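>>> Next comes the sequence, and after it the predicted model I'd like to discuss.
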Amino acid sequence: MGTPGHHSRNVSVLQQHVAFFDQDENGIVYPWETFVGCRALGFNTIASLILAVIINGALSYPTLLGLF
C-alpha cells in the first residue's frame, strides 16, 4: 500500500526502507550504512551510533544467508 500517490516502482514499503539504508545497493545493510541513514534522517551522532548497534545487532543473526 504505502503512501497514496507515491510511485513505489513495484517494490514493497519494506523494500523501500531497506533500499534507503543500503547505501551501496549490494543487498546487505552494514552498521555504518545504518549510521549514515540515521544521520540522514536527522538523528544526532550519538543516537545514530546507538541505533546502528542495536538495529544491526538485533537483525544480523536472523537475516544471515542460508540460515533457513
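Done, it's in.
>>> From residue 18, how far out is the residue nearest to residue 32 when sequence neighbours are not counted?
Nearest non-adjacent residue to residue 32, counting by Cβ to Cβ, 6 or more residues apart in numbering: residue 52, 7.3 Å away. To be clear about C-beta, it is placed using only N, CA and C from the backbone, and glycine gets the same treatment. Between residue 52 and residue 18 the computed distance is 15 Å (Cβ to Cβ, to the nearest Å).
>>> Who are the contact partners of the residue nearest to residue 32?
31, 32, 34, 35, 38 (Cβ atoms under 8 Å, 6 or more residues apart in numbering).
>>> which one of those residues is nearest residue 59?
Nearest to residue 59 among the contacts of residue 52 is residue 34, at 9.4 Å by Cβ to Cβ.
>>> What strand or helix carries the closest residue to that closest one other than its chain neighbours?
With Cβ to Cβ, 6+ apart as the criterion, residue 34 has its nearest non-adjacent residue at 4.1 Å, and that residue is residue 52. According to DSSP states H and E, residue 52 maps onto helix 45-60.
>>> Now which of the contacts of residue 52 would you call buried?
Applying 16 or more other Cβ atoms under 10 Å to the contacts of residue 52, the neighbour count classes 34, 35, 38 as buried.
>>> thinking again about what came up before, please produce CSV containing the contacts of residue 52, extended by distance to residue 64.
What follows is the contacts of residue 52, written out as CSV (distance: Cβ to Cβ, whole Å):
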residue, distance to residue 64
31, 15
32, 19
34, 17
35, 21
38, 23
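>>> Sort out for me which of those residues are in helices.
Cross-referencing the contacts of residue 52 against helices under DSSP state H gives 31, 32, 34, 35, 38.
>>> Dump the residues you listed to JSON lines, plus pLDDT.
Formatted as JSON lines, the ones in helices among the contacts of residue 52 follow (pLDDT from 0 to 100):
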{"residue": "31", "pLDDT": "95"}
{"residue": "32", "pLDDT": "96"}
{"residue": "34", "pLDDT": "97"}
{"residue": "35", "pLDDT": "98"}
{"residue": "38", "pLDDT": "97"}
